[in-house]
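1. Need the 3D shape of this:
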Amino acid sequence: MGSYLSATDFALVIPTLNEEENIGTLLDSVQEVLEPLGISYEVIIVDDNSSDYTPQVVRSRARHDSRIQLLTRVGKRGLAGAVLEGWSRSKAAVLGVMDADLQHPPGLLPALLEAVQAGADLAIASRYAHDNGVTGWNPIRAAISRLSTLATLPFLRKKARVTDPMSGFFVLRRECIDGIAFQPQGFKLLLEILVRGRAKQIREVPYHFGVRHAGKSKAGPAVAYYYLHLLGRLSRETLLRSGPQ
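-> I've put the predicted structure just below:
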């Protein structure tokens with residue numbers, strides 16, 4: 001099989017907070033799917049000072065494989081900030097992010113990378129591109145997710161109106177975000193990239209959103225707060241752009 005990414009590198013950032021039961025399995029799976037592609041890659045674990053053995057698991061792997069790196073943040077929280085900080089530590093031309101809880105299937109990475117190789121600026125793993133992407137969710141959670149997605153429509157240009165702007169699993173070309181200051185707090189970085197980034201060609205790859213393998217979900221009031229804060233900021237920016245002509 002030929003390389004998906006000719007003459008370029010790929011940096012995958014995985015934010016963690018108390019994921020000791022998941023991170024080893026995830027690293028094994030990620031490397032298992034990336035190795036056959038014949039690309040140069042690195043996996044950057046950005047850990048927000050976990051109180052469990054997540055850092056120790058990653059350090060152990062990193063000692064045997066220099067492509068695995070650990071970046072520990074102390075006194076900081078927020079998935080978006082962790083991703084941005086991880087990307088800033090790499091010079092790779094193609095960047096990616098996925099969760100550490102095994103709800104994002106590593107087996108989808110080749111398809112996302114192939115989409116970028118084929119010309120996409122941004123390739124998104126979408127829960128809603130097919131009808132069964134959130135099978136098994138309870139009705140309330142599914143409704144909240146759908147409503148949150150609908151709330152983004154006023155801020156997205158027509159070509160950026162994807163089915164899953166809230167996805168936390170995507171791959172993009174660095175040139176789409178270089179020089180843009182994104183909000184480091186919060187958990188919905190993709191939405192801001194869609195609104196403020198330079199991606200012109202966007203591709204969605206459908207997948208089924210799995211169940212958390214182990215550990216506790218990080219979803220809570222803070223997620224909702226920062227999401228509403230981001231919507232408010234994007235709303236103000238949209239009004240400024242469309243101000244008096």
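
2. Spell out the residue ranges of the strands in this structure.
-> Per DSSP state E, the chain carries strands over the ranges 9-16, 40-47, 68-72, 94-97, 122-126, 170-173, 202-206.

3. and of those strands, who's closest to residue 158?
-> strand 202-206 (11.3 Å; C-beta to C-beta). All C-beta atoms are positioned from the backbone trio N, CA, C, and that covers glycine.

4. Give the rounded mean pLDDT of that closest one.
-> Averaging pLDDT along strand 202-206 gives 96.

5. got the angle between that strand and strand 122-126?
-> Counting by axes from the mean of the first three to the mean of the last three C-alpha atoms, to 10 degrees, strand 202-206 lies at 30 degrees to strand 122-126.

6. Strand 202-206: partners in the sheet, and parallel or antiparallel?
-> strand 122-126 (parallel) (DSSP bridges).

7. what residues does the strand it pairs with touch?
-> The contact list for strand 122-126 (C-beta atoms under 8 Å, 6 or more residues apart in numbering) reads 98, 104, 108, 111-113, 115-116, 133, 162-164, 167, 169-173, 176, 190, 193-194, 197, 199, 201-207.

8. if we can go back for a sec, next, format the strands of the chain as JSON lines and append mean neighbour count and distance to residue 78.
-> Output for these, formatted as JSON lines (neighbours: other C-beta atoms under 10 Å; distance: least, C-beta to C-beta, whole Å):
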{"stretch": "strand 9-16", "mean neighbour count": "24", "distance to residue 78": "9"}
{"stretch": "strand 40-47", "mean neighbour count": "23", "distance to residue 78": "11"}
{"stretch": "strand 68-72", "mean neighbour count": "18", "distance to residue 78": "14"}
{"stretch": "strand 94-97", "mean neighbour count": "25", "distance to residue 78": "13"}
{"stretch": "strand 122-126", "mean neighbour count": "26", "distance to residue 78": "21"}
{"stretch": "strand 170-173", "mean neighbour count": "25", "distance to residue 78": "18"}
{"stretch": "strand 202-206", "mean neighbour count": "21", "distance to residue 78": "25"}
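
9. got JSON lines for the ones you listed, with distance to residue 84 too?
-> Formatted as JSON lines, those follow (distance: least, C-beta to C-beta, whole Å):
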{"stretch": "strand 9-16", "distance to residue 84": "9"}
{"stretch": "strand 40-47", "distance to residue 84": "9"}
{"stretch": "strand 68-72", "distance to residue 84": "11"}
{"stretch": "strand 94-97", "distance to residue 84": "10"}
{"stretch": "strand 122-126", "distance to residue 84": "16"}
{"stretch": "strand 170-173", "distance to residue 84": "13"}
{"stretch": "strand 202-206", "distance to residue 84": "20"}
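
10. re earlier: and the contacts of strand 122-126, which are buried?
-> 98, 104, 108, 111-113, 115-116, 133, 162, 164, 167, 169-173, 176, 190, 193-194, 197, 199, 202-207 (16 or more other C-beta atoms under 10 Å).

11. if you look at the contacts of strand 122-126, which of them are in helices?
-> Of the contacts of strand 122-126, the ones assigned to helices by DSSP state H are 111-113, 115-116, 190, 193-194.

12. Can you tell me which of those residues is nearest residue 79?
-> Nearest to residue 79 among those is residue 190, at 10.7 Å by C-beta to C-beta.

13. Residue 15 bridge partners, please.
-> residue 46.

14. Do you know the pLDDT at it?
-> 97.

15. and the gap between it and residue 46?
-> 5 Å (C-beta to C-beta, to the nearest Å).

16. tell me, what's touching those two both at once?
-> 82-83, 86.

17. Would you check that residue 32 makes contact with residue 106?
-> Yes - the pair residue 32 / residue 106 is scored as a contact, 7.4 Å apart, by C-beta atoms under 8 Å.
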